[in-house]
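> following is a predicted model, sequence given first.
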Amino acid sequence: MASVQFSNVTKTFGEFAAVSDVSFSIGDGEFVCLLGPSGCGKTTSLRMIAGLDTPSSGQVLIGGEDVTHFHPKDRQISMVFQDYALYPHMNLADNIAYPLKVRGKSVSERHGRAREVADVLKIGHLLDRLPSQISGGQQQRTSLARALVYPSQVYLFDEPLSNLDAKLRLEARGFLNHLQRDMGMTAVYVTHDQAEAMALATRIAVMDQGRIVQYASPIEIYRRPATTFVANFVGNPPMNLVAVDAVQGDGQLQLRADGVTLAGLAMSSGIGTALGAGKTLTLGIRPEHLGIAEPGAANTISGKLFANENMGPESLVTIERADGSRVTARIFTDDHIAIDEAVTLGFASGHVHLFDGAGARIAAEGETAL
Amino acid sequence: MKLTLPAFVGRIAFSALAALIGAAFALPLLWFVFAPFNARAELGLAIPDPWTLGNFVTVFGNAFAVQALWNSLIQSLGGVILVGAAATLAAYALSRSSLPGKGTITYILLLFSSVVSGSAAMVPIFLIVSAAGLIDTHLAVILTFAGGLLPTAMFILRDFIDSIPKSYEESAMVAGASPVQAFFDVALPVIRPGIVVVVVWSFVNIWGSFLIPFILLRSDDQMPASVAIYSFYSEAGTPIVTLLAAYSLIYSLPVIALYLFVSWKFGFRFFGGIKA
């Protein structure tokens, strides 16, 4: 196992900068998820760790060694590909043992080790099959077995679960989490699924347009999203964002928007700075922090009912505000709730997030790192 | 299901018509199968009476005809090996490298290849081969065909390789393989069905061609079977049908055998990507 470090890495394809000036480091034994929408540079970053792409500038270090221009084979890494990349002409045993073959191990050692790993992954009975003769979930585990068959410095995952159906994906996710606890491997995991990132990562790097927007623990990303982009990307459903006009008076901050009543907030230096740049702020509230409330009460948002989806343990109640924007509440209830056309959603002031005009989070007074 | 009478009659008429058309196409093939075994074969179709192998005995007694079959084999195999190996390597490089303008290169080559294998280029080809001192050698025929077939072979193979995900070789390299290992262990076996297509295609092309060997070769002991067929004519210029038929059958056997072998071994199917 080893650490990974990016220092000022840029990768351009022609005019397009896939990754621009990215620096971050991954500690030994950390499981880091690169999270972001397609085209944000997360896969390119992963491929640069693997050596499948070379940075246009900057350095990539593995275990403190500059490997920027190393061939993939010289990096002692393993990687699980999105399409699994199983060799169609080899049976599972040979597929899993291929890394040992290129390392010059004997046939008996190769197949013995392949069997060990395959048994752990519950595909030991399939070793004679060809990849085309097994199911998608089994193919996924085979490609995982091939990555685990030899000791690596870093394990790389490129959306390994995205081709699985929902149930298998949950199962595989749980297994990967277990594996990480068991092995304590250094892993870099690319995904566009925020739930996967939250479940697996020790730290998440949220990426957008070739840059890292926030690099923090899952809980910090969830509780203190650095920007409206992160707030809108993480969470299921994502955070509700409402544009509000800010008025300052009596040492308090009044936020006004159509259909929103909000108790005055205590002023802070952060808010002061933000107001210096503009009077329009963004109010953020997570759906799980909203509930049905009395009309006219403090800390409420009202609108007309747009959708009422029963999810089993919870209901997703979406309202449409006068300006057409929507706010979703995640209400935990065993019963399907009957609601009228006019809905008022309430929240506690402690669950309010504020973002400035540029979308950056305004830190609360005396906030410490989580 | 019960058919109405008009529908029934219509079906019979359709079947009869189809059978008639089928028979028209089958007649030459039937001649091709019967005539070699008929000591008195003519251009008309006749069932041999009695069946005989005499025509074949005569053909195999003709040293020139037998030598020609060997020559065909040498030239075809030589050309196929050259085209197969060179096209595979070139197509792989064209598909996987990030060479600027590689598409244009392929299309220009493709354009010129139709000129090279056409008769328009016969004079320059003859001059080049002559200048190289290769006239009347197997190598002349092999090289000319390789030059003519290679661009199309490359084009077919490049398309095939383009459709194979790069992640095969990438996963091999991440697993510790050098690019050469990744090519031979992973890429080549996956590309093999495409190579087989190119090999069969170029074999059939070279085996059946007349003009190029006819022009580039002089002596009898270099001529391939396609040219040798013309030796089964009488002094007066009329074909000796019995021998011609027997020789034609022998001449077509390797191509049929190759097709059957490939079909049995590969079934003209390929692995493709594994769908998840």
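Sure, I can see it.
> going by C-alpha atoms from here, please, whenever you check contacts or count neighbours.
Will do.
> grab the nearest non-local neighbour of residue B:168.
Residue nearest to residue B:168 in three dimensions, not counting chain neighbours: residue A:85, with 5.1 Å by CA to CA, 6 or more residues apart in numbering or on different chains.
> quick check: that neighbour vs residue B:227, distance?
Spatial separation of residue A:85 from residue B:227 under the definition CA to CA, to the nearest Å is 49 Å.
> please apply the same query to residue B:246.
Following CA to CA, the distance that separates residue B:246 from residue B:227 is 15 Å.
> who's more crowded, the two?
Set residue B:246 next to residue B:227 and count neighbours by other CA atoms under 10 Å in any protein chain shown: residue B:246 wins out with 25 against 19.
> against residue A:364, how distant is the more buried one?
Shown here: residue B:246 relative to residue A:364, a distance of 97 Å by CA to CA.
> distance between the helix ranked longest in chain B and the chain's centre?
Ranked by residue count under DSSP state H, the longest helix found in chain B is helix B:63-96. Remark: helix B:63-96 is offset 10 Å from the chain centroid, using CA atoms, centre = their mean, to the nearest Å.
> how far does stretch A:305-318 sit from its chain's centre?
24 Å.
> who in the stretch 101-250 of chain A is up against chain B?
In this structure, the stretch 101-250 of chain A approaches chain B at residues A:102-103, A:131-132, A:135-136, A:139, A:147, A:163-164, judged by CA under 8 Å from any CA of the partner chain.
> report the two of these separated the most.
Using CA to CA, the two most remote members of those are A:103 and A:164, lying 31.0 Å apart.
> whichever residue of chain B sits closest to chain A is in what secondary structure piece?
In chain B, no residue comes nearer to chain A than residue B:176, which is 3.9 Å away by CA to the nearest CA. With elements delineated by DSSP states H and E, residue B:176 resides in a region that no helix or strand encompasses.
> next, it: phi, psi?
Reported as degrees, to the nearest 10, the phi and psi values for residue B:176 are phi 120, psi 10.
> isn't it right up against residue A:70?
No - with contact defined as CA atoms under 8 Å, residue B:176 does not reach residue A:70; the gap is 11.9 Å.
> who has more neighbours, these two?
With other CA under 10 Å as the criterion, residue B:176 and residue A:70 differ in neighbour count, and residue B:176 comes out ahead with 25 against 15.
> mind listing what that one touches?
For residue B:176, the contacting residues are A:72-74, A:76, A:99, A:102-103, taking CA atoms under 8 Å, 6 or more residues apart in numbering or on different chains as the criterion.
> residue A:101 too?
With contacts defined as CA under 8 Å, 6+ apart, the neighbours of residue A:101 are A:107, A:110.
> for it, helix, strand, or coil?
For residue A:101, the reduced secondary structure class is helix; criterion used: DSSP: H, G, I helix; E, B strand; the rest coil.
> helices or strands up against the helix or strand containing residue A:315?
Counting by DSSP H and E, the element that carries residue A:315 is strand A:314-320. Contact here means 3 or more CA pairs under 8 Å, 6 or more residues apart in numbering or on different chains; DSSP states H and E; on that basis strand A:314-320 packs against strand A:300-310, strand A:326-332.
> list the neighbouring strands of that strand plus their orientation.
Here the strand partners of strand A:314-320, with direction, are listed using DSSP bridges: strand A:300-310 (antiparallel), strand A:326-332 (antiparallel).
> okay, the helix or strand of chain B with the lowest mean pLDDT in PDB with CA atoms only?
Using mean pLDDT, DSSP states H and E, helix B:102-116 stands out as the lowest-scoring helix or strand of chain B, at a mean of 77. Included here for helix B:102-116 are C-alpha records, laid out as PDB according to Å, rounded to 0.1, in the frame of the first residue of the first chain:
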ATOM      1  CA  LYS B 102      -4.300   8.500 -39.900                       C
ATOM      2  CA  GLY B 103      -7.700   8.400 -41.400                       C
ATOM      3  CA  THR B 104      -6.500  10.300 -44.500                       C
ATOM      4  CA  ILE B 105      -3.600   7.900 -44.900                       C
ATOM      5  CA  THR B 106      -5.900   4.900 -44.900                       C
ATOM      6  CA  TYR B 107      -8.200   6.400 -47.400                       C
ATOM      7  CA  ILE B 108      -5.500   7.400 -49.800                       C
ATOM      8  CA  LEU B 109      -3.900   4.000 -49.600                       C
ATOM      9  CA  LEU B 110      -7.300   2.400 -50.200                       C
ATOM     10  CA  LEU B 111      -7.800   4.600 -53.300                       C
ATOM     11  CA  PHE B 112      -4.400   3.700 -54.700                       C
ATOM     12  CA  SER B 113      -4.900   0.000 -54.000                       C
ATOM     13  CA  SER B 114      -7.800  -0.200 -56.400                       C
ATOM     14  CA  VAL B 115      -5.400   1.200 -59.000                       C
ATOM     15  CA  VAL B 116      -2.600  -1.200 -58.200                       C
END
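> dump the helix or strand just after that helix to PDB, keeping only the CA atoms.
Sequence order places helix B:122-131 as the next helix or strand after helix B:102-116, per DSSP H and E. What follows is helix B:122-131 as a C-alpha-only set of coordinates in PDB (Å, rounded to 0.1, in the frame of the first residue of the first chain):
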ATOM      1  CA  MET B 122       0.100  -3.300 -65.300                       C
ATOM      2  CA  VAL B 123       2.700  -1.500 -67.300                       C
ATOM      3  CA  PRO B 124       4.300   0.400 -64.400                       C
ATOM      4  CA  ILE B 125       4.100  -2.700 -62.300                       C
ATOM      5  CA  PHE B 126       5.800  -4.700 -65.000                       C
ATOM      6  CA  LEU B 127       8.500  -2.000 -65.200                       C
ATOM      7  CA  ILE B 128       9.100  -1.900 -61.500                       C
ATOM      8  CA  VAL B 129       9.200  -5.600 -61.100                       C
ATOM      9  CA  SER B 130      11.500  -5.800 -64.100                       C
ATOM     10  CA  ALA B 131      13.800  -3.100 -62.700                       C
END
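> thinking again about what came up before, any idea of the pLDDT on the residue nearest to residue B:168?
If you check residue A:85, the pLDDT there is 93.
> could you list the low-pLDDT ranges of the stretch 251-370 of chain A?
Counting by pLDDT under 70, the stretch 251-370 of chain A contains low-confidence residues at A:334-336, A:365-366, A:368-370.
> repeat that for 80
The model of the stretch 251-370 of chain A has pLDDT under 80 over residues A:251, A:267, A:269, A:333-340, A:364-370.
> what do you get for the stretch 1-150 of chain B?
Across the stretch 1-150 of chain B, residues meeting the criterion (pLDDT under 80) sit at B:1-3, B:40-46, B:48-49, B:98-99, B:103, B:106, B:110, B:112-120.
> on that earlier part again, with distance to residue A:34 and mean neighbour count as added columns, please give the helices and strands packed on strand A:314-320 in TSV.
Converted to TSV, the helices and strands packed on strand A:314-320 look like this (distance: least, CA to CA, whole Å; neighbours: other CA atoms under 10 Å in any protein chain shown):
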stretch	distance to residue A:34	mean neighbour count
strand A:300-310	31	19
strand A:326-332	27	22
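> list of residues touching the strand holding residue A:315?
A:302-310, A:326-334, A:336-337, A:343.
> residue contacts, the most centrally placed residue in chain B?
Central residue check for chain B by CA atoms, centre = their mean: the C-alpha nearest the mean position is that of residue B:204, 1.0 Å away. With contacts defined as CA under 8 Å, 6+ apart, the neighbours of residue B:204 are residue B:255.
> and the residue lying closest to residue B:166 once chain neighbours are set aside, how many residues sit next to it?
For residue B:166, ignoring the flanking residues on the chain, the nearest one in space by CA to CA, 6+ apart is residue B:96 at 7.8 Å. Residue B:96 sits with 12 neighbouring residues when counted by other CA under 10 Å.
> residue B:96 and residue B:167, how far apart?
11 Å.
> next: residue A:243.
From residue A:243 across to residue B:167, the span is 45 Å (CA to CA).
> please apply the same query to residue A:103.
Distance, residue A:103 to residue B:167, using CA to CA: 20 Å.
> these two - which one has more neighbours?
Comparing residue A:103 with residue B:167 by other CA under 10 Å, the one with more neighbours is residue B:167, at 18 against 14.
> and stretch A:254-269, how far out from the chain middle?
Offset of stretch A:254-269 from its chain centre (CA atoms, centre = their mean): 31 Å.
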